[in-house]
Each structure stands twice: as C-alpha cells, then as structure tokens.
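**Q** coords below, sequence missing:
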C-alpha cells in the first residue's frame, strides 16, 4: 500500500481533498483485496469503546457532551463515511466556491485525518489478524498498535484532530456564521455537498455549547498523549489490563 501523502501533489484545497480521498479509496480496495474488513471493524470498534471510556466524564457533562459525541462519532468513530467521501471527491472544487476559507480549511483537515486514520486502522487490522482468536482483545490491540506505526504517526493523527477542533472553535465564534450556514443549505444541496454541510452544522452546534473550548481540547490532548505513551512504552500486559479496566468502568452503573 502507498504511504500516506504528507503534502498532496495537487494544488489548492480541492486538490488536497481529492488526493487524500483517492488514498482512502486505495486503502479500502486493499482492505477488500486482503479480506480484512472484519478485522478493520474489530479495530475500529475497540477504539470507539476505549474513547467512550476515556471521555466518560465529558460525555456526562451537559456542556461538553455535544462536542465529545461529535469527536467520538465524526472524527474517531467506527462509522463508514462512503457518502461523505463520495461527495468530497466528486465535487471537491465546489467546496472552495460554496464555503468560506475558514470552513474550507476544516474540510481539508477532515480529509487528511480520514486518510491517516484509515491507513493506520488498515495496518492494525493486518496485525490483528495474525494473533490467535484466543488472544485477549486488549492485548491484541496493544501488540497490533505497536507493530503498526511510530509515536510520530500517532502524534500527527492527534495534532490534526486538535487543529480541526481549534478551527471549529474559531468558526463558532464568528458572528452570524450559524445563520450563514443555514443559508448555505440550498447551495450545498445543489452542489451535492449535503454530507459536508451536515458535518459542519453538527460541528458548529456541538462547539457552540462549550464555554471553555480550550479546557475541552486540553483534556483530549492530555489524555490521548498519555495513552499514546502508554501504548508504545509500557509493558504490554499492563497496558492491556489498563484498557480492560477502563472498559469495565464504562459498564458500571
């Protein structure tokens, strides 16, 4: 499989989006060719459960819950995004014509994050398959994580998430943007960009509830950096036990 492109070859936002989504498509084709779909789903599901455990307090907080759900479901979730990818890739040029520059930057970040995440999940799935079925899922996850990427890859993934979160925070503070987003619904529909429009509106509505966005993003950065360190540096069985302990906490009444 080709490496993730750090600097897409095509110029402009539309070219970057097309390059990233072309890469995502190649990853998906490789996943199907190798018969890894079930393993990719297992990796994504495990990660989604870990995120729900790590951010249990934010998900229970009235102010933070919308933003936490947005991050979990739209950025780190296990959902399939074929419709959104198709719209992005097919009409990437229209994004620059329909939306303001601040929003276009978010779309580029989203495509970049999607490409990196799909690549990492695909590679993890290949290692996940190599372990016996009797292997504890948490230990299987830790070992697959270590064989897949470097700490720099994972830190880059987190940095894109944080950059996008900061950009969403900025646009929610722009006077009149919520009204402008509503006015863009029809042009976005005509341009075939309803999935992106929905993503932006959900992101706006999630972040507008936050009074202290910096605290929310700081919690994500601190916790994810801690997990990145543990997943790479700590003794594998100890990390697996820690993952299992978090999962138990989320199931408690």
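**A** All right, it came through fine. Model, not experiment: these values are computed from the prediction.

**Q** ok, longest helix in this structure?
**A** helix 101-129 (DSSP state H).

**Q** and that one, how far from the chain's centre?
**A** Offset of helix 101-129 from its chain centre (C-alpha atoms, centre = their mean, to the nearest Å): 6 Å.

**Q** now that helix: mean pLDDT?
**A** Mean per-residue pLDDT for helix 101-129: 88.

**Q** do stretch 169-183 as well
**A** 72.

**Q** outside of that stretch, which residues touch it?
**A** For stretch 169-183, contacts defined as C-beta atoms under 8 Å, 6 or more residues apart in numbering pick out 100, 102-103, 106, 197, 200-201, 204, 207-208, 210, 213, 217. (Glycine included, C-beta is placed from N, CA and C.)

**Q** Just the buried residues of those.
**A** 103, 106, 197, 200-201, 204, 207-208, 210, 213, 217 (16 or more other C-beta atoms under 10 Å).

**Q** Just put those residues in JSON lines and tack on secondary structure and distance to residue 146.
**A** Converted to JSON lines, these look like this (DSSP: H, G, I helix; E, B strand; the rest coil; distance: C-beta to C-beta, whole Å):
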{"residue": "103", "secondary structure": "helix", "distance to residue 146": "37"}
{"residue": "106", "secondary structure": "helix", "distance to residue 146": "32"}
{"residue": "197", "secondary structure": "helix", "distance to residue 146": "39"}
{"residue": "200", "secondary structure": "helix", "distance to residue 146": "36"}
{"residue": "201", "secondary structure": "helix", "distance to residue 146": "38"}
{"residue": "204", "secondary structure": "helix", "distance to residue 146": "37"}
{"residue": "207", "secondary structure": "helix", "distance to residue 146": "34"}
{"residue": "208", "secondary structure": "helix", "distance to residue 146": "39"}
{"residue": "210", "secondary structure": "coil", "distance to residue 146": "34"}
{"residue": "213", "secondary structure": "helix", "distance to residue 146": "33"}
{"residue": "217", "secondary structure": "helix", "distance to residue 146": "27"}
